[in-house]
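Colleague: sequence and predicted structure are below.
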Amino acid sequence: MSNIITSTDINAALGNNAGNEVPIVNIRNLNVRSKSAHILKDINLIIPKNKITVLLGPSGCGKTTLLKCMNRLTDLYSELKLDGSIEIDGEDILSGKYDITQIRQKMGLVMQRPFPLPMSIYDNIAYGLKLKGVTNKAIIKEKVEKHLKEVALWDEVKDRLKTSAQRLSIGQQQRLCLARGLAVEPEIILADEPTSALDPISSRVIEEEFSNLKDDYTIILVTHILRQAKRLADFVVFMYYGEIVEYGPANEIFENPKTDILKEYLQVGH
Amino acid sequence: MTLRRKWEETFFRVLSAAVALIVVLVLAHIIYTIISKGFSALSWEILSQEPKGGFYMGGGGGILNAIAGSFYLAIGASLLAFVVSLPVALFINIYLIRYSRLLIGIRFFLDVLWGIPSIVYGAFAFTIMIYFGLRNSLGAGIVTVGALIAPIMIRAMDEVLKTIPIGLQEASYALGSTKTETAYKIFFKRALPGFATAVLLAFGRGIGDAASVLFTAGYTDHVPRNLSDPTATLPLSIYFQLGSPIEAVQQRAYAAAIILTIIVLVISITARVLNKGKNKKKFKTFIASKRKKAKA
């Protein structure tokens, strides 16, 4: 089932915009194995720049693992063995030649549950900036404000920036984590079911942020929620048991699914 | 419920309550014994003065030498152990997190070190001191007790670090932190209240231990002035005075036991309070609300 997708396929799939799509992530023959399982099988995937690409599929199909491969958080788990290549801006991040901390700063990560750093709201945003070598306090202050406004959190927290981030509500924490990721000025936002722990209103706020952000960022979003995928996706990758089953522009995937398994998934999801 | 299950339930409830009661009674009896035998000897003099001549014969003066010596020793040993334990605890939780088997091995060895009797640490340190021609001293005592309490401190810190969710570690790396930055800027801050508990736990163990200082710290009537002076300690002051046939001296041993017990008790309670840092906040808001009500 492993279909190799090239940039020409993307352009073909896009029709009118052919030639304008710039690939930012290029995954070739990626395999991830643990001792007991073959988690990702021959993944070939190109992710276009400044679009929202949604990874869709049932639980345990490897969506999160694929996401974690892209910033090599898989390094944390000794049982995972990776082979193949993942090129980001033309650099193969699996080759070990590049400084992984710099590669990770090209990407902001939003996880299923927010994990604010054990420090103040202000320092949560400032932390990444300081890692990037920004020392000018005025610049840091300005960026903290800018990114908190970007996620619509500024008005709620501007009077208590120095208080612990742990005291925010979970929806606010998730927006803080998004702002924290944006502060390092990444090119890509990796979002792993970012609304799964949130109430409907906070979920909607995060979703709206994503649609606003896609002009400036490439967003790769893992979700179970079909409606969310329909609202946000430009491209959809449908995965099943560690393989990419279908890939294409969102409207084509949702309106004209080719495989039985995707048809079933879309039907059950309604 | 059948009759059998009812009996079973009653039997185990009574058994648990009885065992709990026995533990409390034993503790109460120990405290009663040391207080009843030592309280009469407890005075400002015993807390504030070095022993005068004829100490073992019931002469005047106090046990300031042992109180000060014990504090110097336990504080020094805790500092030394902290300097060793902090990097070790962070290292195994950040760098070795991928190597689960190695981690199990290291934790096992630390637990074994924890379980080794303190007299073995004392004897081991003593052979090293002989080899280098060193004499009993505060410094040697600090090193020995430091070695004794380091495994306790490391494992206590380790247990705190283990509770930090992997998600926080991922979040830190995702922002571009190195492992060292994750260890000292994120994990350290997050674990700080727990670390304070770990240090106090080890401090309490260190200040109460007699066997490890028996060969290494020596005993003297004076408060030590520097690291190469020998030093008295509370556990040894109890040990030596209790061996005396004179009743007045034995009473002083119990007085020393009261002082040591109070120190350990205060440390344990502080450690518990720190460990419940979150509850502390609740407590503060509780107090604040009470005050508001009182004002109204």
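Modeller: Received it, and whenever you're ready, just let me know what you need.
Colleague: skip the chain neighbours and tell me the closest residue to the closest residue to chain A within the stretch 1-150 of chain B.
Modeller: Distances between the stretch 1-150 of chain B and chain A by CB to the nearest CB are smallest at residue B:98, namely 3.7 Å. In short, each C-beta sits where N, CA and C put it, glycine included. In space, and not counting its chain neighbours, residue B:98 is closest to residue A:78: 3.7 Å by CB to CB, 6 or more residues apart in numbering or on different chains.
Colleague: contacts only, for that neighbour.
Modeller: Contacts for residue A:78 (CB atoms under 8 Å, 6 or more residues apart in numbering or on different chains) come out as B:98, B:99, B:100.
Colleague: chain A contacts on the stretch 101-250 of chain B?
Modeller: Counting by CB under 8 Å from any CB of the partner chain, the positions of the stretch 101-250 of chain B adjacent to chain A are B:165-178, B:181, B:185-186, B:189-190.
Colleague: which of those count as buried?
Modeller: B:168-177, B:181, B:185-186, B:190 (16 or more other CB atoms under 10 Å in any protein chain shown).
Colleague: about what we covered before: could the contacts of residue A:78 go into TSV alongside secondary structure and neighbour count?
Modeller: As requested, those are exported to TSV (DSSP: H, G, I helix; E, B strand; the rest coil; neighbours: other CB atoms under 10 Å in any protein chain shown):
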residue	secondary structure	neighbour count
B:98	coil	14
B:99	coil	13
B:100	helix	11
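Colleague: and the contacts of stretch B:255-270?
Modeller: By CB under 8 Å, 6+ apart, stretch B:255-270 touches B:31, B:34-35, B:38-39, B:41-42, B:46-47, B:63, B:66-67, B:70, B:200, B:203-204, B:207-208, B:234-235, B:237-238, B:241.
Colleague: write the PyMOL selection for whichever of those are buried.
Modeller: Those of the contacts of stretch B:255-270 that count as buried under 16+ other CB under 10 Å are selected in PyMOL with:
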select buried, chain B and resi 34+35+38+41+42+46+63+66+67+70+200+203+204+207+208+234+235+237+238+241
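Colleague: report the distance from stretch B:226-241 to the chain centre.
Modeller: Stretch B:226-241 sits 17 Å away from the centroid of its parent chain (CA atoms, centre = their mean, to the nearest Å).
Colleague: and what of stretch A:68-84?
Modeller: Distance, centroid of stretch A:68-84 to centroid of chain: 16 Å (CA atoms, centre = their mean).
Colleague: what helix or strand is residue 173 located in?
Modeller: No chain was given, so I picked chain A. According to DSSP states H and E, residue A:173 maps onto helix A:170-183.
Colleague: meant chain B actually
Modeller: Going by DSSP H and E, residue B:173 is part of helix B:166-174.
Colleague: three-state assignment of residue A:54?
Modeller: Assigned state for residue A:54: strand (three-state reduction, DSSP: H, G, I helix; E, B strand; the rest coil).
Colleague: against residue A:248, how distant is the closest residue to it other than its chain neighbours?
Modeller: Closest residue to residue A:54 apart from its sequence neighbours, by CB to CB, 6+ apart: residue A:233 at 4.0 Å. Separation of residue A:233 from residue A:248 (CB to CB, to the nearest Å): 10 Å.
Colleague: OK, contacts around the closest residue to residue B:76 other than its chain neighbours?
Modeller: Spatial nearest neighbour of residue B:76, chain neighbours left out: residue B:142 (3.8 Å); criterion: CB to CB, 6+ apart. Residue B:142 sits next to B:72, B:73, B:76, B:77, B:80, B:227 when contact means CB under 8 Å, 6+ apart.
Colleague: quick one, phi psi at residue B:142?
Modeller: phi -60, psi -40 (degrees, to the nearest 10).
Colleague: hang on, the earlier thing: quick one: average pLDDT of the helix holding residue A:173?
Modeller: Per-region confidence: helix A:170-183 scores 90 on mean pLDDT.
Colleague: before we move on, the earlier item: which of the contacts of residue A:78 lies closest to residue B:8?
Modeller: Comparing the contacts of residue A:78 against residue B:8 with CB to CB places residue B:100 closest, at 39.3 Å.
Colleague: so who does the closest one touch?
Modeller: residue A:78.
Colleague: mind doing that once more with 10 Å?
Modeller: A:78, A:79 (CB atoms under 10 Å, 6 or more residues apart in numbering or on different chains).
Colleague: what separates it from residue B:164, distance-wise?
Modeller: From residue B:100 to residue B:164 the distance is 16 Å (CB to CB).
Colleague: look at residue B:193 and report its pLDDT.
Modeller: Reported pLDDT for residue B:193: 87.
Colleague: isn't it right up against residue B:275?
Modeller: Yes: assessed by CB atoms under 10 Å, residue B:193 is found in contact with residue B:275 at 6.8 Å.
Colleague: what residues are shared contacts of those two?
Modeller: Joint contacts of residue B:193 and residue B:275 (CB under 10 Å, 6+ apart) are residue B:160.
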